[in-house]
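Enquirer: Sequence and predicted structure below; questions after.
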Amino acid sequence: MMYHQKRRYEALKQWVNENVSEERKGSALFGCAAIAFIASSVILVPGELIKQRLQMGQISSVSQGIQTIWKNDGFFGFFAGYSGVCARDIPYTMLELGLYDNFKSLYLKFKNRDVEEGSEKPITQLDEIIAAAITG
């Protein structure tokens with residue numbers, strides 16, 4: 001996962017935690033993941049396009065790729081294949097981040113079921129590993 005995508009997701013998740021009711025948080029996290037991917041894709045898609053063209057031998061350098069795309073296709077040329085990337089990666093990102101946080105939340109509720117209200121057991125590395133293992 002891209003650093004920018006994770007940062008945006010965490011910022012959106014914080015907003016959800018502060019502004020969305022508890023019963024709607026789970027589904028809101030999936031929306032946060034989709035928005036985070038879309039915001040990050042502005043960087044991702046042009047970079048991937050240039051990388052693919054380098055790998056296929058269509059261009060010999062990043063600077064040549066930028067010049068060629070700009071000359072032949074203009075600004076929107078950098079977003080060739082954008083809809084396909086979104087169709088593939090938005091659902092994946094929603095599942096990856098949304099399921100992780102939802103399963104983590106369920107696990108922590110289970111873990112803290114016997115604890116007095118207002119206190120909870122601290123999150124350990126093992127807790128994080130379990131949440132990651134469940135979501136793959």
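Expert: Received the coordinates, thanks.
Enquirer: phi, psi of Q58?
Expert: Note on Q58: its backbone torsions stand at phi -70, psi -30 [degrees, to the nearest 10].
Enquirer: ok, now which ones touch it?
Expert: Q58 makes contact with G65, according to Cβ atoms under 8 Å, 6 or more residues apart in numbering. Placement of C-beta: from N, CA and C, glycine included.
Enquirer: ok, it to A80 distance?
Expert: Distance from Q58 to A80, counting by Cβ to Cβ, to the nearest Å: 12 Å.
Enquirer: What's the local residue count around D114?
Expert: 7 (other Cβ atoms under 10 Å).
Enquirer: In three-state terms, label it for me.
Expert: coil (DSSP: H, G, I helix; E, B strand; the rest coil).
Enquirer: where's it relative to I130, distance?
Expert: D114 is 18 Å from I130, by Cβ to Cβ.
Enquirer: same deal with L54?
Expert: Counting by Cβ to Cβ, the gap from L54 to I130 is 40 Å.
Enquirer: Let's see the pLDDT reported for the most far-flung residue of the chain relative to its centre.
Expert: What lies farthest from the middle of the chain is E116; by Cα atoms, centre = their mean that is 34.3 Å. E116 is assigned 80 on the pLDDT scale.
Enquirer: and the longest helix for the chain?
Expert: helix 22-55 (DSSP state H).
Enquirer: Report the buried residues of it.
Expert: 25-26, 28-30, 32-37, 39-41, 44-46, 49-50, 53 (16 or more other Cβ atoms under 10 Å).
Enquirer: pLDDT (mean, whole number) over it?
Expert: 91.
Enquirer: name the helices or strands packed onto the following helix or strand past that helix?
Expert: Per DSSP states H and E, the first helix or strand lying C-terminal to helix 22-55 is helix 62-73. For helix 62-73, the packing partners by 3 or more Cβ pairs under 8 Å, 6 or more residues apart in numbering; DSSP states H and E come out as helix 22-55.
Enquirer: Please work out which residues outside stretch 111-128 touch it.
Expert: Stretch 111-128 has contacts (Cβ under 8 Å, 6+ apart) with K104, Y107, L108.
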